[in-house]
Every structure is written in structure tokens, then in C-alpha cells.
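1. Here is the input, now give the coordinates:
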Amino acid sequence: MTPARLVLAALALAAALPAIAQTVQTEDYAVRVITLARGLDHPWGLAFLPDGRMLVTERAGRLRIVGADGKLEPKPVSGVPAVEEFGQGGLLDVALHPKFRENGLVYLTFAARGPGGVGTEVVRGRLEGRDLLDVKTIFRAEPKSGGGRHFGSRLVFDRDGLLYVTLGDRGEQDRAQKLDDHAGKIVRITDDGRVPEDNPFRGRAGAKPEIYSLGNRNVQGAALHPRTGILWAHEHGPQGGDEVNVIRAGTNYGWPVITYGVNYGTGTKIGEGTEKPGMAQPLWKWVPSIAPSGMAFYEGDRFPKWQGDLFVGALRERMLVRLKLDGEKVVKEERMLRDALGRIRDVRSGPDGFLYLLTDSSDGALVRLEPAGR
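-> Below you'll find the model as predicted:
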């Protein structure tokens, strides 16, 4: 059998295997942890289709469909543009247009090669069946560079239909403070890539008009607060100093001038310390780092005690974190599923009221959390 046929056979076998469940005890609930689909190659982002199916990105460049029954379709979606799987980069997040039922538009972020090296780009296309059609690039992070680190990247639509794209500093930390550079920023654009009239740096000489916030090291988790509609995000610190931030227009979140982390290996100081006037303090921080990725507010009815809580996946610490909130203050942290699943890459609150996770490995999984004994 050829290598290609072996891969297809393995995918078909993984899709056919039954879901696996285990039960874990959290502070509030006994939770069934159900593995719906396996055999995903470093899955990164998850989106829920209206018909109950799910879209999952694989870092190598494939967009996969998981059926409402949890079965992984063996063939990926066609029409995904060329993806550069390079270091931490590849096919990253996926999001549906707020009016997806009407227009079928799907948005993807990915690492793409071009003049100057590699950088994060955003495309949109119309999903018809298993095909992505009329694919168009609507944003390119510039300038591109040669490093393989810190591409971001999450996609979040706000209540006005504007799109936030989170971008890393590409491992070149000083870029995060430069307004003529997209690296180390969160940008905000319209659904077709134009610059909103009220973007904070629109019209400023020498500034990229798409920039919404700056001083962000590498944001891999973002979500709208369900009550206020304000964007929240977390970002990787260096050795220590992972942060949760409330994202506001024009705000400087400090990297690399201020940070609660230190240099890898040497443990030496970065920047000017932990505070500086004009730079925002994090809402919450982790020292040592947990390496956060994926984030969701829970607003379902399956876990009533968790309503309004913020859930964050962890790569380094291989767990799921629950943050209990009082407004914009964290009043409690619970660490659950430690080493139960491996590296957690994405966290989503499903339309059915369950929590969904993606695990980051060459044999990655789509996992659902539901109350035990339901």
C-alpha cells in the first residue's frame, strides 16, 4: 500500500472508532470527558456549523469536518489556500461570519510565505458542502519575517460584525511597540478587510490603521465577554508572565517594556520591570507560565454553576483552567483535567451547552465535556 493510501486508511479507521469517555471530578461537578474524534494532526481551531457539524483546522493546512455524530470525515475541505507549516505556524484559527446562515462565509488564519519571509494572513471563502469557494485574502500581517515563532492567531467577531485578529510578535519582541508594524498587535477590520472608521490609529502618520491594541506578545486565546461585548484575550509570556487582558481601543499592554516574565535560560530581567505609566496591567497572570491557548466564556445551561466563568486551555501544564469572575476581577482559579488529555490547544463553549476542547498532538482529539449522569 502506498504512503498516501496508508494515511487515508488510518484516517478512516480513526473516524470509525467509537467515542471514548472517562469521568473526572471537578470542584462543582462530576464531568464526563468524551473523545468524539481522534486522528487529527495538531488541530488548532474549532467552529460550530448550524447543522451540528464542526470545522476543525489542522496545522499542516487541512480544514476538516466532524459530523454531528462525532465522526471525522476522511476527506478535508477543498479550496484552502497554500499554508506554510513553519515552526509554530500553519493553518491556525477558523471562524464563521455572524450571518453564516445567509452567506456561508468562513474565515481562516494561517502562516503564508511571501516577500520577506512568512507571516499571518486571513482569508475568507464560501463553504458549499465540502468545498471552500471564492477564497479571498482580506488581511496580511506586514512585514513578513524569517522566524518560526509567535504567529498568534485567533479570530473573533464582535456584535457589530467587526473582526479582531490576534497577532504575535514573531519572536522579535521590539516589533510589538512599533505602530508601523502589525506584529505583536491585535487588529480590527471589517468582514471584507477594510479599516473601521473608529479604529484608534486610523489617520495617524506612520501607523498601520488596522491596529486596535499593541504590546501583545503572542495572543492565542480571545473571546467576547457575553454581557459587555468587550474582547478579552490571554497571551503567552516568556518564562513566566502569561496574561489575561481586557482589550480596549488604543491600549498598550506593555510587551516587552513591562512583563512579569524573565528571559529563558538566564532568568534575567526583560525591559523596565512590571509597571510603567501608560501601559496596562494584566487582569490575571500566571507565574510560572502555563502556556495558555484557547479561551471561552461559558454561558450554557448544562453547568449552571459555571455560567459567566472563563475557561483557558494550557499547553505546558496540560490542563483546563476555570477562572471565576466578578466583573473584571478574577476571584477564584480552578485547575482541572491535569494530564488527563495532554496539551489543550483550543476551548469552545458549544451551542448545545457543552464545553469542547482540542488537544495538540500528531494524534489530536476533539473532546466534549458534559455533566456525568445526565
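
2. dump the residue contacts of Gly308.
-> 226-227, 297-299, 325 (C-beta atoms under 8 Å, 6 or more residues apart in numbering). Just so you know, the C-beta spots here come from the backbone N, C-alpha and C atoms, and that holds for glycine as well.

3. Check it and give its pLDDT.
-> On pLDDT, Gly308 comes in at 97.

4. By neighbour count, which of the contacts of Gly308 wins?
-> Within the contacts of Gly308, neighbour counts (other C-beta atoms under 10 Å) peak at Tyr298, which reaches 22 neighbours.

5. got a list of what that residue touches?
-> Each residue near Tyr298 by C-beta under 8 Å, 6+ apart is listed here: 306-311, 349, 355.

6. Kindly reformat the contacts of Gly308 as CSV containing secondary structure.
-> Putting the contacts of Gly308 into CSV (DSSP: H, G, I helix; E, B strand; the rest coil) gives the following:
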residue, secondary structure
Pro226, coil
Arg227, coil
Phe297, strand
Tyr298, coil
Glu299, coil
Leu325, strand
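
7. Let me know the closest of those residues to Val246.
-> Of all the contacts of Gly308, Leu325 has the smallest distance to Val246: 10.8 Å, by C-beta to C-beta.

8. And the buried ones among the contacts of Tyr298, selectable in PyMOL?
-> Applied in PyMOL, the following selects the buried portion of these according to 16 or more other C-beta atoms under 10 Å:
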select buried, resi 306+309+310+311+349+355
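
9. Among the contacts of Tyr298, which lie within helices?
-> Per DSSP state H, helices hold no members of the contacts of Tyr298.

10. Which single one of the contacts of Tyr298 is nearest to Thr35?
-> Comparing these against Thr35 with C-beta to C-beta picks out Leu355 as the nearest, at 13.6 Å.

11. Now that closest one. Nearest residue, chain neighbours left out?
-> Leu369 (4.2 Å; C-beta to C-beta, 6 or more residues apart in numbering).

12. helix/strand/coil for the one you found?
-> Quick answer, by three-state DSSP: Leu369 is strand.

13. got a list of what it touches?
-> The contact partners of Leu369, by C-beta under 8 Å, 6+ apart, come to 31-34, 354-357.

14. now do Ala68
-> Counting by C-beta under 8 Å, 6+ apart, Ala68 touches 51-53.

15. Now do the phi/psi pair for it.
-> phi -60, psi -20 (degrees, to the nearest 10).

16. Name the member of the contacts of Ala68 with the most neighbours.
-> In those, the most neighbours by other C-beta under 10 Å go to Arg53, 15 neighbours.

17. Would you agree it is in contact with Gly67?
-> Yes - using C-beta atoms under 8 Å, Arg53 and Gly67 qualify as a contacting pair, with a distance of 5.7 Å.

18. My guess is Gln173 contacts Val257. True?
-> No - the criterion here is C-beta under 8 Å, and Gln173 misses it with Val257 at 9.6 Å.

19. what do those two both touch?
-> With C-beta under 8 Å, 6+ apart, Gln173 and Val257 have no common neighbours.

20. Need the pLDDT of the residue nearest to Leu355.
-> For Leu369, the predicted pLDDT is 98.

21. and it, what are its bridge partners?
-> Under the criterion DSSP bridges, Leu369 forms beta bridges with Val33, Leu355.

22. quick thing: my sequence starts at 14, can you match it?
-> With 14 as the first residue, the last one maps to Leu382.

23. and Pro239, how far is that from Glu248?
-> In this view, Pro239 and Glu248 are 21 Å apart by C-beta to C-beta, to the nearest Å.

24. what do you get for Gly219?
-> 25 Å.

25. More neighbours: these two, which one.
-> Comparing Gly219 with Glu248 by neighbour count (other C-beta under 10 Å), the higher total belongs to Glu248, at 28 against 8.

26. The more buried one reaches Val232, doesn't it?
-> Yes - with contact defined as C-beta under 8 Å, Glu248 counts as touching Val232 (4.5 Å).

27. distance between the ends of stretch 54-74?
-> Terminal residues of stretch 54-74 lie 10 Å apart, using C-alpha to C-alpha, to the nearest Å.

28. Please read the previous query as pertaining to stretch 238-255.
-> One end of stretch 238-255 to the other measures 20 Å (C-alpha to C-alpha).

29. mind listing what's buried in it?
-> Neighbour counts over stretch 238-255 (16+ other C-beta under 10 Å) mark 238, 244-255 as buried.
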